[in-house]
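**Q** Turn this into a structure:
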Amino acid sequence: MKFTREELEELKRFDAEVDKAPLTLQDYHQSAELDREVLHDRKDNAHRRIAAQQKAWYEANRERVAAQQKAYREANRERVAAQQKGGKTA
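**A** Below you'll find the model as predicted:
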């Protein structure tokens with residue numbers, strides 16, 4: 001990401017202002033809390049994005065998944081029946 005000349009100058013002014021004022025313990029705690037909130041929001045967005053991708057893939061491949069599940073159930077009929085009854089399988 002490239003900054004314009006004006007943005008770089010604004011960043012320099014802000015950095016100089018921040019460097020003038022020392023960070024108090026309360027400021028530090030507030031900053032840490034904001035960081036946690038931002039990271040949490042990013043994680044939520046990432047999870048939503050991944051869930052949307054998985055849903056789209058499943059929608060596009062629904063028939064293929066159903067065919068694979070059916071083939072598995074037919075090939076492992078006894079095992080599936082035992083699992084449905086709550087029994088253990090080896």
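
**Q** for the protein, longest helix please?
**A** Counting residues, the longest helix found in the chain (DSSP state H) is helix 25-60.

**Q** how far out from the middle of the chain is the next helix or strand after that one?
**A** Per DSSP states H and E, the first helix or strand lying C-terminal to helix 25-60 is helix 62-75. Mean-position distance between helix 62-75 and its chain equals 29 Å (CA atoms, centre = their mean, to the nearest Å).

**Q** Report the rounded mean pLDDT for the longest helix of the chain.
**A** Averaged over helix 25-60, pLDDT sits at 90.

**Q** Against which helices or strands is that helix packed?
**A** Helices and strands touching helix 25-60, by 3 or more CB pairs under 8 Å, 6 or more residues apart in numbering; DSSP states H and E: there are none. The way it works is simple: take the backbone N, C-alpha and C, and place the C-beta from them, glycine included.

**Q** Could you export stretch 16-23 as PDB, CA atoms only?
**A** This file holds the C-alpha atoms of stretch 16-23, laid out as PDB (Å, rounded to 0.1, in the frame of the first residue of the first chain):
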ATOM      1  CA  ALA A  16       5.900  13.600  16.400                       C
ATOM      2  CA  GLU A  17       2.800  14.400  18.400                       C
ATOM      3  CA  VAL A  18       2.700  10.900  19.900                       C
ATOM      4  CA  ASP A  19       6.400  11.000  20.700                       C
ATOM      5  CA  LYS A  20       5.900  14.300  22.700                       C
ATOM      6  CA  ALA A  21       3.300  12.800  25.000                       C
ATOM      7  CA  PRO A  22       4.400   9.900  27.200                       C
ATOM      8  CA  LEU A  23       2.100   6.900  27.400                       C
END
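
**Q** Now do that stretch: everything it contacts.
**A** Outside stretch 16-23, the residues that touch it by CB atoms under 8 Å, 6 or more residues apart in numbering are residue 31.

**Q** can you check stretch 29-45 too?
**A** So stretch 29-45 is contacted by residue 23 (CB under 8 Å, 6+ apart).

**Q** change it to 10 Å
**A** Contacts to stretch 29-45, defined as CB atoms under 10 Å, 6 or more residues apart in numbering, come from residues 23-24.

**Q** Just want the angle from the longest helix of the chain to helix 62-75.
**A** 80 degrees (axes from the mean of the first three to the mean of the last three CA atoms, to 10 degrees).
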